[in-house]
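Visitor: no sequence for this one, just the structure:
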């Protein structure tokens, strides 16, 4: 090796340049960057000293394209700014990094064409596997099925179909828990759904109906206007104002499909001069689902059921690593067709 760092940094732009600088063959240097432990200690020490002196870093995507299996994992979420998906991806990224993988996160922004573009991007990057929170009813099923034939896929939040590997919350358990509480603590709830943007929309409505029937109660699903947006707060707000203008909800208790819809309901009720809460003088009880990070700060704080974000993220990445033949940090073994449904916990607060 020769030359000071400022000189060699300008000269070393490719793996070939670096190989010449360190005095080793291109295959040996590539072998090191693919897996440092695969070369002898003396060789590894020489390469690492050259890296330190030159500041050279290979293009990780170019390196991965030349591998039969890369160390890049893809993650697709519908909304990267939603706190649920932020917590989920943080957990996935952390465990992936510990296992020697890079988790590359893309957002579909709730749009099927963006989801398709993310799929094509991951195919071009030759990712080893992917974790996907699909749009569901709007997803490109054929594209996802084709991707699943070439790499392992794990779905989170809402399943794509009845047979794909999935990690998420058991909606039947969580809604049974909430409906039972609401019926015991006051009047039975009506149900305000969410826009049909993924499979959770119908799954959660079905779970509410089933829970009500198990308790010998009549389900009251509120009819809503056509709305296909992920702006759930606006949906809840606008629908509540419309419903109140036509005489109000069919019951004094409203169970919302998710917390973000409930935020809109509480805001609209306040604007309409209604008191939300479980006190005797309250006009409306409102409950949600998910335990959104802001749910404890609404006025009043929102009664809801909590999804275990961290556990969903942990199990999703460890299931993916298992499918890739990697040992998970906890040594867990999974079935190839694993579908993991986690129980939710009720969070009793002032809104219901």
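Guide: Looks like it came in fine. Everything quoted here is computed from the prediction, not taken from an experiment.
Visitor: from here on, contacts and neighbour counts on C-alpha atoms
Guide: OK.
Visitor: so how far is stretch 188-204 off the chain centroid?
Guide: Centroid displacement of stretch 188-204 relative to its chain, using Cα atoms, centre = their mean, to the nearest Å, is 18 Å.
Visitor: just the endpoints, please. Distance across that stretch?
Guide: Using Cα to Cα, to the nearest Å, the end-to-end distance of stretch 188-204 comes to 17 Å.
Visitor: list the buried residues in that stretch.
Guide: Buried positions in stretch 188-204, judged by neighbour count with 16 or more other Cα atoms under 10 Å: 188-202, 204.
Visitor: for stretch 146-154, same thing?
Guide: 147, 151-154.
Visitor: just give me the closest of the residues you listed to residue 89.
Guide: residue 154 (13.3 Å; Cα to Cα).
Visitor: ok, that closest one - contacts?
Guide: Applying Cα atoms under 8 Å, 6 or more residues apart in numbering, one finds that residue 154 lies in contact with 130-132, 164-167, 316, 319-320.
Visitor: give me the domain ranges for this structure.
Guide: 5-58, 72-168+310-342, 171-306 (automatic domain parsing).
Visitor: out of these, nearest to residue 352?
Guide: Using Cα to Cα and comparing the domains of the chain, the one that lies nearest residue 352 is domain 171-306, at 4.7 Å.
Visitor: okay, now the unreliable bits of the stretch 101-250 of the chain?
Guide: 136-140 (pLDDT under 70).
Visitor: quick one: the strands in it?
Guide: In the stretch 101-250 of the chain, the strands defined using DSSP state E, counting those that start in this stretch lie at 102-107, 129-132, 153-156, 166-169, 189-192.
Visitor: okay, these in CSV with distance to residue 267 next?
Guide: Below are those laid out as CSV (distance: least, Cα to Cα, whole Å):
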stretch, distance to residue 267
strand 102-107, 28
strand 129-132, 32
strand 153-156, 30
strand 166-169, 27
strand 189-192, 15
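Visitor: closest one to residue 265 among the ones you listed?
Guide: Across the strands of the stretch 101-250 of the chain, closest to residue 265 is strand 189-192 (Cα to Cα), at 9.3 Å.
Visitor: how about the helices of the stretch 201-350 of the chain, start to end?
Guide: Secondary structure of the stretch 201-350 of the chain (DSSP state H, counting those that start in this stretch): helices at 232-245, 259-271, 309-323.
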